[in-house]
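Asker: sequence first, predicted coordinates after that:
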Amino acid sequence: MLKIISRTKWNPLKNRHHNPPHFFNSSTSSHQFHPQSDFSSSGYSPEASNSFNSLLFLSHNRFFSPGYSVNRGNFKNLSWIGGGLLWNSSLVGSKRSFCSGSGRESMEYDVVIVGAGPAGLSAAIRLKQLCVEKDVDLSVCVVEKGAEVGAHILSGNVFESRALDELLPEWKQEQAPIDTPVLSDKFWLLTKSRAFSLPSPFDNKGNYVISLSQLVRWMATKAEELGVEIYPGFAASEILYNTNKEVVGIATNDMGISKDGSKKHNFQRGVELKGRVTLLSEGCRGSLSEKIIEEYNLRNKGKAQHQTYALGIKEVWEIDASKHQPGFVLHTLGWPLDYKTYGGSFLYHMKDNLVSIGLVVALDYQNPYLNPYEEFQKLKHHPAIKPMLEGGSCIQYGARTLNEGGFQSIPYPVFPGGAIIGCSAGFLNVPKIKGTHTAMKSGMLAAESAFGLLHEGLMMDRYWDKLQTSWIWEELYKARNYRPAFEYGLVPGLTMSALEHYILRGKSPWTLKHGKFDHEATNVAKLHSPIHYPKPDGVISFDVPTSLYRSNTNHDHDQPTHLRLKDPLIPDQVNLPEYAGPESRYCPARVYEYLPDDSGDMKLQINAQNCLHCKACDIKDPKQNINWTVPEGGGGPGYSVM
């Protein structure tokens, strides 16, 4: 089978001064690939180099650019045919490639990892390190739904290097994209017109301001150097079980299916990736991870409470050099959110005159009229924030949910055949606003346990034991009461947090519980008044279509929607009349719109092609009527500096 493997990458740093369109229509936004012109425009020619920025994608007529090089040992499988670069899969891993009973191509590995984020790549690297140390050969593959590694990675990110120091201690010498140390750490309480400085509780000395999407790209090169096979553009859509209900791998979704369910000319069955161990590293609210947690009742087994979430909305700006302070870190609480809504903002000065700014809003907010995207646009007009951005230009936009349940919400992470790692399990330290280092460490611990299982016959449950004796557990236990304290509002939350941080230092004799599920916290509309947000000025604040353009979001419009309603009547009969259609506001990408039909009645329209894969709808829908599933692999946002 021949497979196409590359396309030109959109780079916001090269396009930062291009004006976005006045409207966004994803149904006409698909990139049309022209092999000769696209390769020549990117400076690539098949004879020019023995390394190039592309990776195989097992689907006809699909193109992407992963941002790092294919293993050079696989170059013999490449062919330049008809102006396009093709991959002959019949030559790849032939000793373990076969056709399964389902009619899908199947490949077998020792370990299959879903998700090329910090946890998944850390697990892959640690496994291969152990192979080198013990002179053992284990096959490891990582499957990633983003078109390239890092394309779906979004984070603040003030990076604590503790886990990376353990995993790759020579990272500084190996040119990791971690080179902006925190030099200033501010914490403000905002009112509508003022900013009051508070003692900073974050202690970011020794940390770095980074782009996490760039870091995971670098980690991918380290993993490949060790022999890990990484497949971007694959959406893991199905868990594979054996007759004993043990997990034996995953399957990717079928490609080339139209909206009406018919097969298009480029239809191709999904691929089965079978592993002796399967590690799920899908990030917050991973779709397969949630199925596994429910299937094996892992929350009850771990005596965990329900998970709580927040929505993070972020922009990256290029600002005037005279205003740029590399390593400056600012966090705020208060305005524009009311005192009953938990959340806060961040502003980090990166290198190259770039600034990350964002707003995090807890999804247990009560007012269905609240719009997190519009609250973020308001934030940028605060008199203490706006001057930092004036004269600059926004170059990228994105959004993603994050776990806030912390210690109380960690499920038992081991299931028959594998384990859950990283933010899929929920290791974010809320008061630190950091989860990358804990996610990485969890991946390393799971890798050590998987290696012990495969090489020494030990139990995978050792991963749970390792977690409980690690610095992850100690760190999250000390931080366990911060987030629940804000169930009572901003002032009680600040008071309790100060007590925990400065006096009790995480050793309080109690453990607070979380309140309602986030979707249950939403009040009916009649208890609140509509919120009227100011019109964006197009300079500091922007409308959603403009922001979507900057996210580089793209889906093939002619595919079944990946946002499925369990009951199609609920939006019109419940959500709109009782809750004023909150899905049209909590979604930061205008995926959900209520529009009049031919008779004038308001009906829900789902613009799935706009989806940023943030998962807010899967969490916040009042009746839990929206089921987020994966679209075709390679779809979604295309982040590069987030």
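Answerer: Perfect, I can see it now. Numbering: from 1, shown residues only.
Asker: and residue 372, how many neighbours?
Answerer: 27 (other C-beta atoms under 10 Å). All C-beta atoms are positioned from the backbone trio N, CA, C, and that covers glycine.
Asker: quick check: phi and psi on it?
Answerer: Note on residue 372: its backbone torsions stand at phi -60, psi -40 [degrees, to the nearest 10].
Asker: contacting residues for the closest residue to residue 429 other than its chain neighbours?
Answerer: Nearest non-adjacent residue to residue 429, counting by C-beta to C-beta, 6 or more residues apart in numbering: residue 479, 5.1 Å away. Counting by C-beta atoms under 8 Å, 6 or more residues apart in numbering, residue 479 touches 406, 407, 429, 430, 431, 432, 506.
Asker: then residue 309?
Answerer: 284, 285, 362, 363, 401, 402, 403, 404, 405, 518, 619.
Asker: contacting residues around the third one?
Answerer: With contact taken as C-beta under 8 Å, 6+ apart, residue 362 is in contact with 308, 309, 310, 341, 342, 343, 404, 486, 518.
Asker: and the fifth one, how far is that from residue 624?
Answerer: Between residue 342 and residue 624 the computed distance is 21 Å (C-beta to C-beta, to the nearest Å).
Asker: swap in the second one?
Answerer: Distance from residue 309 to residue 624, counting by C-beta to C-beta: 13 Å.
Asker: how about the last one?
Answerer: The gap separating residue 518 from residue 624 is 10 Å, by C-beta to C-beta.
Asker: and the two? Which one has more around it.
Answerer: Neighbours were counted for residue 518 and for residue 624 using other C-beta under 10 Å; residue 518 has more, 26 against 14.
Asker: ok, the more buried one touching residue 618?
Answerer: No - at 10.5 Å, residue 518 does not count as touching residue 618 under the criterion of C-beta atoms under 8 Å.
Asker: circling back: so among the contacts of residue 479, which ones count as buried?
Answerer: Using 16 or more other C-beta atoms under 10 Å as the burial test, the contacts of residue 479 include 406, 407, 429, 430, 431, 432, 506 as buried.
Asker: quick one: contacts for residue 257?
Answerer: Going by C-beta under 8 Å, 6+ apart, residue 257 touches 263, 264, 267, 559, 560.
Asker: tell me how many other residues crowd the second one.
Answerer: By that I understand residue 264. Other residues near residue 264 number 14, with proximity taken as other C-beta under 10 Å.
Asker: who's in contact with it?
Answerer: 256, 257, 258, 558.
Asker: just the buried members of the residues you listed?
Answerer: Among the contacts of residue 264, the ones that count as buried by 16+ other C-beta under 10 Å are 256, 257.
Asker: in a markdown table: the contacts of residue 264, plus distance to residue 228, pLDDT and secondary structure.
Answerer: Formatted as a markdown table, these follow (distance: C-beta to C-beta, whole Å; pLDDT from 0 to 100; DSSP: H, G, I helix; E, B strand; the rest coil):
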| residue | distance to residue 228 | pLDDT | secondary structure |
| --- | --- | --- | --- |
| 256 | 28 | 93 | strand |
| 257 | 30 | 94 | strand |
| 258 | 35 | 95 | coil |
| 558 | 34 | 94 | coil |
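Asker: now the contacts of residue 264 in CSV, with distance to residue 411?
Answerer: Output for these, formatted as CSV (distance: C-beta to C-beta, whole Å):
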residue, distance to residue 411
256, 36
257, 33
258, 37
558, 37
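Asker: identify, from the contacts of residue 264, the entry nearest to residue 614.
Answerer: Checking the contacts of residue 264 against residue 614 with C-beta to C-beta, the nearest one is residue 558 at 23.1 Å.
Asker: separation between that closest one and residue 591?
Answerer: From residue 558 to residue 591 the distance is 17 Å (C-beta to C-beta).
Asker: fine by me, we can end here.
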